[in-house]
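> Could you look at this predicted model? Sequence included:
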Amino acid sequence: MPAPAELRELLLSPEEAAEMDAPGKTDAAVLIPLFPRGGELVAVFTERRADLRRHPGEISFPGGRQDEPDEDLRRTALREAHEEIGLDPEHVELVGALPPVGTFVSGYRVFPFVGTIEDGYEWVLQEAEVEQLLELSLPALMEGFESRRLMRRGVPIKTPTYTVEGHFVWGATARIVEHLLERLAPLLSDQAG
């Protein structure tokens with residue numbers, strides 16, 4: 001596992017990310033929990049329940065909207081990860097951030113934060129929202145990359161996509177994964193060997 005300092009060098013600081021803009025009216029935040037397994041970095045995703053009103057059945061990172069307009073977005077990401085997958089904020093070391101991305105349909109401006117955790121965490125899923133938890137290695141995500149044109153609500157969109165073990169990541173989450181893989185490329189080239 002790269003040391004937290006190595007990850008910090010490659011990622012944006014939360015302050016740098018906060019200065020950046022993305023389309024969207026409502027600020028939200030996600031946490032990208034990373035841990036080492038078998039010499040590879042693994043990211044934690046959730047698959048949302050199919051009966052949800054917003055983004056049903058989609059694969060995403062744990063996250064959501066701010067509770068109050070002035071809530072620190074790092075706190076939002078940690079709080080939501082605790083609510084959705086039972087990840088105690090005390091067990092997360094925030095190591096950086098990625099550029100914000102917009103969600104076209106729901107109008108969120110999503111700020112991603114990257115944190116390191118230990119392998120073997122005991123997940124507690126919020127059953128009302130999370131169908132299942134996915135642990136996908138970054139090398140497997142790189143291998144599963146494909147730029148595709150998808151039809152969404154009758155509109156063709158070109159988007160990065162990632163398919164790992166039958167799990168299809170697209171949209172805002174795929175754009176976040178793309179930023180993560182670009183930033184961590186120097187570390188991941190060592191893992192791909």
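Perfect, I can see it now.
> CA only for contacts and neighbour counts going forward, please
OK.
> do you know how far the residue of the chain positioned farthest from its centre is from Ala5?
Residue farthest from the centre of the chain, counting by CA atoms, centre = their mean, is Gly154 at 26.2 Å. For Gly154, the distance to Ala5 equals 45 Å [CA to CA, to the nearest Å].
> For Val164, the count of nearby residues, please.
Burial of Val164, expressed as a neighbour count using other CA atoms under 10 Å, amounts to 15.
> check contacts around the closest residue to it other than its chain neighbours.
Sequence neighbours aside, Gly144 is the residue nearest to Val164 in space, at 5.8 Å (criterion: CA to CA, 6 or more residues apart in numbering). By CA atoms under 8 Å, 6 or more residues apart in numbering, the contact set of Gly144 is 161-164.
> Stretch 162-175: end-to-end distance?
Across stretch 162-175, first to last residue, CA to CA, it's 10 Å.
> And the contacts of it?
Among residues not part of stretch 162-175, those counted as contacts by CA under 8 Å, 6+ apart are 58-61, 101-103, 136, 140-142, 144-146, 159-161.
> swap the cut-off to 6 Å and go again
Applying CA atoms under 6 Å, 6 or more residues apart in numbering, the external contacts of stretch 162-175 come out as 59-60, 103, 141, 144-145, 160-161.
> Same question for stretch 179-191.
For stretch 179-191, contacts defined as CA under 6 Å, 6+ apart pick out Leu10.
> What's the separation between Gly171 and Ser106?
From Gly171 across to Ser106, the span is 12 Å (CA to CA).
> So between these two, which is more surrounded?
Comparing Gly171 with Ser106 by other CA under 10 Å, the one with more neighbours is Gly171, at 21 against 12.
> per-residue pLDDT, the more buried one?
Gly171 carries a pLDDT score of 87 in this model.
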